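Engineer: missing the sequence, but the structure's below:
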């Protein structure tokens, strides 16, 4: 695994690009064994080089959760405010990036252990909405009309009340 890589293999030293490559390959190998998605693999590669979570990452995760809890009109307004054509799935991607660090934040004492189930419910709901079969859920119109998005908003609000 990444922490067990022989420094002699990283010809450029601990912080070199080659070292990053070997750590990334090790993280990818670990994830491949567990049938990880490409996004999970990328996060594992990043986490292999991060010793501890940063408060800024936690703030981004809480912000992403708050965005999921907003009314549909405000979610759409936020997406439009970015001044670039951002797909609706950005709401879920920002949450997912932080969700992968949830256990570290609990371990660090930054989030209560009681909040894990609530955040996991949000993640599970979003996961059930993913994939090509559910592409119709990832439109601005669906934010206000689809019951799945109403459920995400309820779950995200509940998760925020757990912290």
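Structural biologist: Happy to help now that I have it. It should be emphasised that the depicted structure is a prediction, and the values quoted were computed from it without experimental measurement.

Engineer: host element of residue 104?
Structural biologist: Here residue 104 is covered by helix 102-107, with elements defined by DSSP states H and E.

Engineer: repeat for residue 118
Structural biologist: helix 116-128.

Engineer: Now do whichever helix or strand comes after that helix: which elements does it pack against?
Structural biologist: Per DSSP H and E, helix 116-128 leads on to helix 140-145 as the next helix or strand towards the C-terminus. If you count contacts as 3 or more C-beta pairs under 8 Å, 6 or more residues apart in numbering; DSSP states H and E, helix 140-145 packs onto helix 72-81, helix 147-161. (Each C-beta comes from the backbone N, C-alpha and C, glycine too.)

Engineer: What are the structural domain limits within this protein?
Structural biologist: What automatic domain parsing lists as the domains of the chain is 2-47, 55-161.

Engineer: Out of the helices and strands packed on helix 140-145, which is the most enclosed?
Structural biologist: Compared across the helices and strands packed on helix 140-145, helix 147-161 shows the largest average neighbour count, a mean of 18 (mean count of other C-beta atoms under 10 Å).
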